[in-house]
Every structure is written in structure tokens, then in C-alpha cells.
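In: Need a 3D model of the sequence below.
(one chain, ligands or ions: 1)
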Amino acid sequence: MESVAREIKGSFHWYPVQKTFSIISTKDTLKFAVGIPYMTRNGLAIEMAAAPKLDNGHIWLAEADAKKISYKAAIEAKQNIAPSNVPKPPETKPDKIAETKPVETPKAKPADKPKIKTAEQKPAAPVVVKPKTPKQEIAGTREVRTIVIDPGHGGKDPGASGKRSQEKDIVLAVAKLLRKNLDDLGLNVKLTRNKDVFIELQQRAMLANQWDGDLFISLHCNAIDATEERKKIIQGYQFYVLRAPESEEDKAIARRENAVATLYGEKNAKDELSPLEWFKLEARLEQYKQTSYLFTEKLLDSFEGGKIKKMNTGVGGAGFMVLVGAMMPAVLIELGFISNEEDENYMMSTKGQVDLADRIAEAVENYRDALHNYRETLGRK
Ligand SMILES: [Zn+2]
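Out: Residues are numbered from 1 along each chain as shown. Down below sits the predicted model:
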């Protein structure tokens, strides 16, 4: 493995806890996981001939994979590096199998430190991103035009139930009010459902992709199954992005939201993501991470001072199936706890629904403006 890394002029990194490793060259970031027959190259998942194996402290890679990696890297280096710098042609292949010793105690390698500016140097320019034509620009970097609102659940799937209401009705009502608000802002608005119908989780993200959305907002109500006493205490809104869950609480919320899939007979339904799925998702998550978080920041601002309180930090991450396929920044909003009487009453009331829709719309507007301003600083039109 190390020989492959050397050949493509990359550095090799081993993460013993996750049993993953990466090769980082100037051009490519390749990521691998022991036992998983997929690698990612600059975020794109690529199927491998065989899963990397860990044996006796050595990582083993199939010959076909080692060849493919060094060949691809060499081709690209040729295209991108000045002639004097052309690396060896890919003839020098690792033998039968490439191997390396995993680093036993990975030293914290200092990252390439930016050079200290001297007085006569101009201030550093903003991070240079090659301007692309609008067609190539991905959601989250281009101007915000199309918002996809996804009212959770519907039809045979009521979602969570409170004493007097069902999640599917509350989120649809808020979604319709939000549509009106966003229309007024001149945005193109799409709803994954505008009536009481059942739509599969995967279908929702697919619709969003078909509409080429710039932001995916999935609306939900939280709930806990607990004693009446606890239900009185547990309340508040929370915003979620797709991320490997860190707390049991977040995992439980994702499981509840994902459970609709298994309960109501979706094809290929399951309520948790496997390590392989997380691995394959990693690249895409990275692509939309910053902008998804940017939107949650705007939500945190606009929800402050409302009737419903903030729960914990206000932002969590978990494996929400509805967000998995969306090729755009995506946030799931738990408006409040339907299992809490106070939250439920507010979410059921017209006043509450109007207020919630107003706050979300304000966050969307601020998000749109923030992205627009960011683009201006980059000199994009
Ligand atoms: Zn829900």
C-alpha cells in the first residue's frame, strides 16, 4: 500500500480505530476501508476488485486495484503537472500485491502551514475556486432559486401522534404556509406532497433531485414514548443534518423517523445506515456539509425567541433516510414535540403554524442572501 502511495506521490494515512486509510496526493484523495470493497476518489465511490484486507499488521490490496489506482493517478498527473514534473509511467507496478505496515502510533502530522505573511505581501486572496459556468455549478454554490419542502409522512403513515393531532397534518399545514412565504420572496417552491398521501422516503429525495433543488427542507414533529411526567419536560425544536450520529438520542430520533419505511412497506426499507453506506455517502456529505450547516445557523437565528424552545444545542446529526439521496444541501426540521402538550397546542394552532412558517422563510431568505454575498466576494455572477 505504501508503495502505491509513493508511486502516486501521495502520503499515506492509517486510522486504526475506524480501520480506514487514505492516500492524499496533490491531485487526489483516495479513501479506503478494510473489509469494504469500495474506495472513494475525491469523494466518488468506486467499486474495487476486492476489499482491502488487514492481515498480520499489513494492509493487502488486490493487484487490479493497486494498478488501477496508480494508473489513474499517473494519467492525471501527466495532464496537470508541468512536463519536467511528469512522474514515472505506471509501468513500475507494485508486485503481486501491494502492502504496507500500518503506522502503529500515527503521529499528529502538522498540516502544511500557510507561510507567514510578510509586510510587503498583499493580504491573502479568498480561497480560489475556479469559476464554473452556471450549468456546472452544484446546489449550495450557485444562487438559491428552488426550494424543495418535504412535509414528512402522509397517507397511511401518520408519523407521530399527540393527544389531539398527527404529525402528518401539522407539517403539511406549515409546508403550505411556507410555500406562500417563499413564493412571495420570488423563489421557485416545490412540495414533495401537497395533500394527505403516502410517499416513500427515497422518492422524496428523488423528486427534489428531479426539480434540481437548491435546498431540501424536510418538516417533522418530534415525539418521545415516555411517562406523562417526561412528556411534560421534553420539548423543543431541533434541526438535523445528515451526519453519522454522535448521541444515542439523535440515533433514536433518526430510527423513529426512518421506521416509517419499514412499517409501511417501502421497498428496500431499513431504519439504519450500514458502515458501507456511510462510507459511500461521505463524499456527498462533504460536498453539502458547509451549506447545510449554514442553513441551520440561519434557522437557529430565526427560531430564537419563539414560543417553542430550543432543544439541546439545536443542531444534531443522524442518518435520516429521507436526506440520503438528496443532491443538495438538506436539513430536517423537528418543529417541536407533538408528545408535549404545550408544543402540540402551538403547532396545531393557526397562529403557531404561521409563526413557524414565517421563521423558516426568514431563515431561507437569510440563507439565500448569505450565499449570494459569498458569491459576490468570489466575483461570481
Ligand atoms: Zn417525522
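In: Going by residue numbers, what spans are strands in this protein?
Out: Using DSSP state E, the strands found in the chain span residues 11-15, 20-24, 29-33, 36-41, 44-47, 53-55, 58-61, 98-100, 146-151, 188-191, 215-222, 237-242, 310-318, 330-337.
In: looking at those strands, which is closest to residue 172?
Out: Across the strands of the chain, residue 172 has its closest neighbour in strand 146-151 (4.5 Å, CB to CB). Backbone N, C-alpha and C define where each C-beta goes, glycine included.
In: Which neighbouring elements make contact with the closest one?
Out: helix 167-184, strand 188-191, helix 201-210, strand 215-222 (3 or more CB pairs under 8 Å, 6 or more residues apart in numbering; DSSP states H and E).
In: out of those, deepest packed?
Out: Neighbour counts (mean count of other CB atoms under 10 Å) averaged over each of those peak at strand 215-222, with a mean of 27.
In: for the helices and strands packed on strand 146-151, which one sits closest to the ion?
Out: Closest to the ion of the helices and strands packed on strand 146-151, according to CB to the ion: strand 215-222, at 3.4 Å.
In: any idea of the angle that closest one forms with strand 310-318?
Out: In terms of direction (axes from the mean of the first three to the mean of the last three CA atoms, to 10 degrees), strand 215-222 departs from strand 310-318 by 120 degrees.
In: can you pull the contacts of residue 281?
Out: By CB atoms under 8 Å, 6 or more residues apart in numbering, residue 281 lies in contact with 242, 273, 324.
In: Dump the helices and strands packed on strand 146-151 into JSON lines; add mean pLDDT as well.
Out: Output for the helices and strands packed on strand 146-151, formatted as JSON lines (pLDDT from 0 to 100):
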{"stretch": "helix 167-184", "mean pLDDT": "98"}
{"stretch": "strand 188-191", "mean pLDDT": "98"}
{"stretch": "helix 201-210", "mean pLDDT": "94"}
{"stretch": "strand 215-222", "mean pLDDT": "98"}
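In: so residue 285 sits right up against residue 279, yeah?
Out: No: between residue 285 and residue 279 there is no contact under CB atoms under 8 Å: 10.7 Å.
In: near the ion, which residues of the stretch 251-381 of the chain?
Out: By the rule CB under 5 Å from the ion, the part of the stretch 251-381 of the chain lying against the ion is residue 257.
In: Which single residue of the stretch 251-381 of the chain ends up nearest the ion?
Out: The ion sits closest to residue 257 of the stretch 251-381 of the chain, with a gap of 4.7 Å, by CB to the ion.
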